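Peer 1: Everything below, folded, please.
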Amino acid sequence: MDIGQLSPLGFIIVVLGLVSAFVTIIAFVFHIETLKGKFAVLTVIFVGCFIFVRIFSSGNPPTPTSTPSVSGVTQTAINARVTPTATPSPTPTQITITKNLVIPCLQNCAIALKLTTIVIDTTTQTSTWNFTLTNTSDSLHDNFVTLELEDSKGQKHQGAGLAKTDTWVMSSGQTIQTNATFDVVHGTNDLLNISISYNTWYTDTHQTETISF
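Peer 2: From the prediction side, this is the model:
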């Protein structure tokens, strides 16, 4: 029993009980009849009071406060801490489609024409069509007369850029490169219509090609 944990009343009862017990022992040892009965009764009373105080003053033991378990952390939270976030790959702003398509000439053929690549620019929402022209005749000067793309809905998109604005003076067998820009970035079964004028009076009519890109 820890004396320091006693209430003041309990401490007093203990002291008085010890005194009474001591006097009772002295009375029995020295045969002091007048003290035996009185202090024996007092000792019993003090012991009873002490037991009563201990029982009713101790109260219920404090309920321990539960500490959240580490296992209470959800698996999702753990994964969020340890799983690195995947960084999405940036979408390329330019996509190159290789064609290398020879576009046959149907009439007055002096220029061999090939569509080499289509470069799609997703930022500007345009596509650049690259062509090579080869002079299969004598020296001449030439330029595009018709350069248009007709989509599956029947809408016609006119080509712009060097292919549409330039005129070339070409020696026999010479090959040049040029390009046209269209305001479309995707097409399925679009029609490419092209004709080329040379030496002012003549026009190369090329086959209409069906293009998907």
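Peer 1: quick one: the helices in this structure?
Peer 2: 8-29, 33-58, 75-82, 162-165 (DSSP state H).
Peer 1: measure stretch 86-102 end to end?
Peer 2: Stretch 86-102 has an end-to-end distance of 44 Å (criterion: Cα to Cα, to the nearest Å).
Peer 1: in it, what counts as buried?
Peer 2: Judged by neighbour count (16 or more other Cβ atoms under 10 Å), stretch 86-102 contains these buried residues: Lys99. For the C-beta atoms, the positions are set from N, CA and C on the backbone; glycine is no exception.
Peer 1: Can you give the contact residues for that stretch?
Peer 2: 112-123, 209, 211, 213 (Cβ atoms under 8 Å, 6 or more residues apart in numbering).
Peer 1: make it 7 Å
Peer 2: Under the criterion Cβ atoms under 7 Å, 6 or more residues apart in numbering, residues Lys114, Leu115, Thr116, Thr117, Ile118, Val119, Ile120, Asp121, Thr122, Thr123, Glu209, Phe213 lie in contact with stretch 86-102.
Peer 1: Domain-wise, how is this structure divided?
Peer 2: As assigned by automatic domain parsing, the chain contains the domains 3-58, 94-211.
Peer 1: Can you flag the weakest of these by average pLDDT?
Peer 2: Among the domains of the chain, domain 3-58 carries the lowest mean pLDDT, a mean of 61.
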